[in-house]
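Asker: Provide a 3D model corresponding to the input given below.
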Amino acid sequence: MEKTILIIEDEKNIVDILTFNLMREGYRVVSALDGEAGIEAHASENPDLVLLDLMLPKMDGFEVCKHIRRTSATPIIMLTAREEEVDKILGLELGADDYMTKPFSMRELLARVKANIRRREIDIVPVEPKVEKVMNFRGLTIDLNTKSVSKDGKFVEVTHREFELIRFLASNANQVFSREELMKQVWAYEFEFYGDGRTVDVTVRRLREKIETNPAEPDYIRTRRGSGYYFKA
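Answerer: Numbers count the residues shown, from 1 in each chain. The predicted model follows:
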């Protein structure tokens, strides 16, 4: 079945380049030149993935991302010309699955588009998990049925990608994974396109702030210096 990509980007030349390359890969492409039109297009087209520019007229990319996440888990890749770490953290916190900084490699962008769509298809297939449906670790509960997390009985609001990351680490407790391995397992990126490893670091940092009593001395998600991250059972 043909997959639909929604491009929300105000630079027409970038829209044209993205559209040409995506259509050449067999995707159906819809575009919007401002934030408000992007929200309308998302509601009417129900795309399989959104490429979302950060700096948009009428409504910026952060607001568009927040609006989409209220009703949809559509994969979102943010496109930004800004390098500020706070922008990337905020984008991921609002629910973006990843970000790419302009200028970017078209080959890498296409690989990330394919990976995120594949990851989403895996997420929505009702596969019986090999682990228990509710995992409990020293006051932390990970519910695979509702895809929710709670700490000491209190609900913890996590994004889709944050849940997938903690689910994967907890399901493989005490096993150390490098950033590249996590990008492949959780983000579904192939090795040569595992993306900016800071995406993993930012997602881990945000999770720690939400579930750890002291994020500076984490009890659950720990770092093995020089190797990667692991979940301490």
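Asker: going forward, measure contacts and count neighbours with C-alpha atoms only.
Answerer: Noted.
Asker: Check which helices and strands the lengthiest helix in the chain sits against.
Answerer: The residue-count maximum for a helix in the chain (DSSP state H) belongs to helix 106-124. Under the contact definition 3 or more CA pairs under 8 Å, 6 or more residues apart in numbering; DSSP states H and E, helix 106-124 sits against strand 49-53.
Asker: Next, the buried residues of the strand it packs on.
Answerer: By neighbour count with 16 or more other CA atoms under 10 Å, strand 49-53 contains the buried residues 49, 50, 51, 52, 53.
Asker: try stretch 92-112
Answerer: Residues 92, 93, 94, 95, 96, 97, 98, 99, 100, 109, 111, 112 are the ones in stretch 92-112 that count as buried (16+ other CA under 10 Å).
Asker: what's next to it, contact-wise?
Answerer: 21-22, 62, 65-66, 69, 75-83, 88, 91, 159-161, 189, 193, 199, 202-203, 206 (CA atoms under 8 Å, 6 or more residues apart in numbering).
Asker: and the residues you listed, which are buried?
Answerer: Using 16+ other CA under 10 Å as the burial test, the contacts of stretch 92-112 include 22, 62, 65, 69, 75-80, 88, 91, 159-161, 189, 193, 199, 202-203, 206 as buried.
Asker: Which of the residues you listed fall in strands?
Answerer: Among those, the ones falling in strands (DSSP state E) are 76, 77, 78, 79, 80.
Asker: Distance to residue 179 and pLDDT added to those, as a markdown table?
Answerer: Converted to a markdown table, these look like this (distance: CA to CA, whole Å; pLDDT from 0 to 100):
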| residue | distance to residue 179 | pLDDT |
| --- | --- | --- |
| 76 | 20 | 93 |
| 77 | 19 | 93 |
| 78 | 20 | 90 |
| 79 | 21 | 90 |
| 80 | 22 | 84 |
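Asker: Which of those residues lies at the shortest distance from residue 211?
Answerer: Proximity of those to residue 211 (CA to CA) peaks at residue 76, which lies at 24.3 Å.
Asker: Next, the contact list for that closest one, please.
Answerer: By CA under 8 Å, 6+ apart, the contact set of residue 76 is 49, 50, 51, 52, 65, 95, 96, 97, 98.
Asker: again, only this time at 7 Å
Answerer: Applying CA atoms under 7 Å, 6 or more residues apart in numbering to residue 76 gives the contacts 49, 50, 51, 52, 96, 97, 98.
Asker: ok, now residue 231?
Answerer: Counted by CA under 7 Å, 6+ apart, residue 231 has contacts 169, 170, 173, 174, 220, 221, 222.
Asker: if you set the cut-off to 10 Å instead, what comes out?
Answerer: For residue 231, the contact set (CA atoms under 10 Å, 6 or more residues apart in numbering) comprises 137, 166-177, 218-223.
Asker: tell me the centre residue of the protein?
Answerer: By CA atoms, centre = their mean, the chain has its centre lying nearest to residue 97, at 1.7 Å.
Asker: For residue 228, see how far away that one is.
Answerer: 20 Å (CA to CA, to the nearest Å).
Asker: swap in residue 14?
Answerer: Residue 14 is 36 Å from residue 228, by CA to CA.
Asker: Pick out whichever of the two has more residues nearby.
Answerer: residue 228 (17 against 12; other CA atoms under 10 Å).
Asker: is it true that the more buried one touches residue 181?
Answerer: Yes. Using CA atoms under 10 Å, residue 228 is in contact with residue 181, at 9.0 Å.
Asker: Name the helix or strand of the chain that has the lowest mean pLDDT.
Answerer: Least confident helix or strand of the chain, by mean pLDDT, DSSP states H and E, is helix 85-93 with a mean of 70.
Asker: C-terminal to that one, what's the next element?
Answerer: With elements assigned by DSSP states H and E, the helix or strand that comes after helix 85-93 is strand 98-101.
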